[in-house]
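Student: Requesting a structural model of the entry that follows:
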Amino acid sequence: MVKTIKQEEPIKTINRDIRAENLVRETKVLNIARLAKMLVDLFGLDEPFQKIGKELEGQEVELYLKNLDGYITFILTSDRQKFECHVEKASNSIAKIIITVNEEKILKVISNIIRSKSNIFGLAKLLKYLILGKAKIKGSLKAVLRLVKCLMIGKNDVYKKRKRG
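Tutor: Residues are numbered from 1 along each chain as shown. Model (predicted):
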C-alpha cells in the first residue's frame, strides 16, 4: 500500500513561518515608534515644536524603514503634548524619510539622530546619513527638518555632563 503525500501540510508550515516573520518585523517597527514617542514625551523640548508653523501644522511625515518594510507616520504639531506617531503608511504625507541601513543598524541610526542636539551640528549628523546613502528624503525638506528637530532631545538636561567631585 502506497501512502499519498498531501501538499497541504508544508504550505501551512510555510504560511505560519511567513506570518511569524511578519509579526516580528511589525513588532520591531512598533517598538521603534513607541520609543520615539516616549523619548519625546519624557525628554523633548517645547522650542522645536513651537517653530513648526501654521503651514505645517497637522501635516504627515512618513518614515519608511526599508529592511523592516515598515512605516511610521508622524503628525506635525506645535504642541509637544499632542505629538503623535502611528505605525502605518501615511494617507497624505508631505514628505518621506527612507532609512536604508541593515535591520541590525536601524535602531543605532535612529538613536544617533534622536540623541543629537537640535542645532546645526545635530543636523550635520543627519546630513552624514544622507551623503552616505543610509537615509533618503522625498518631498518637503522643510517638513523633514522640522520633524527631525522635534525628535532631537540632545539639549535636555539629562545629556549635560556633570562635574565629578
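Student: make it CA atoms for all contacts and neighbour counts henceforth
Tutor: OK.
Student: what about the protein, any weak spots by pLDDT?
Tutor: 1-13, 159-165 (pLDDT under 70).
Student: got the residue ranges for the strands in it?
Tutor: Residue ranges of the strands in the chain, as given by DSSP state E, are 60-65, 70-75, 84-86, 93-99, 135-139.
Student: Who's the closest spatial neighbour of K149, skipping the chain neighbours?
Tutor: Computed as Cα to Cα, 6 or more residues apart in numbering, the closest residue to K149 that is not its neighbour in sequence is S118, at 5.0 Å.
Student: how near is that neighbour to L132?
Tutor: Using Cα to Cα, to the nearest Å, we find S118 at a distance of 21 Å from L132.
Student: okay, those two: which has more neighbours?
Tutor: Residue environment comparison for S118 versus L132 gives the larger neighbour count to S118, 23 against 9, counting by other Cα atoms under 10 Å.
Student: hang on, the more buried one packs against L147?
Tutor: No - under the contact definition of Cα atoms under 8 Å, S118 does not touch L147, with a separation of 10.4 Å.
Student: give the contact list for the spatially closest residue to C150 that is not a sequence neighbour.
Tutor: Setting aside the residues directly before and after it, C150 is nearest to P48 in space (Cα to Cα, 6+ apart), at 5.2 Å. Under the criterion of Cα atoms under 8 Å, 6 or more residues apart in numbering, the neighbours of P48 are S118, R146, K149, C150.
Student: For those residues, work out which two are farthest apart.
Tutor: When the contacts of P48 are compared pair by pair using Cα to Cα, the farthest-apart members prove to be S118 and R146, with a separation of 9.6 Å.
Student: I'd like to know how far the residue positioned nearest the centre of the chain sits from K155.
Tutor: The centre of the chain sits closest to L63, judged by Cα atoms, centre = their mean, with a distance of 5.3 Å. Noted for L63: a distance of 23 Å to K155, by Cα to Cα.
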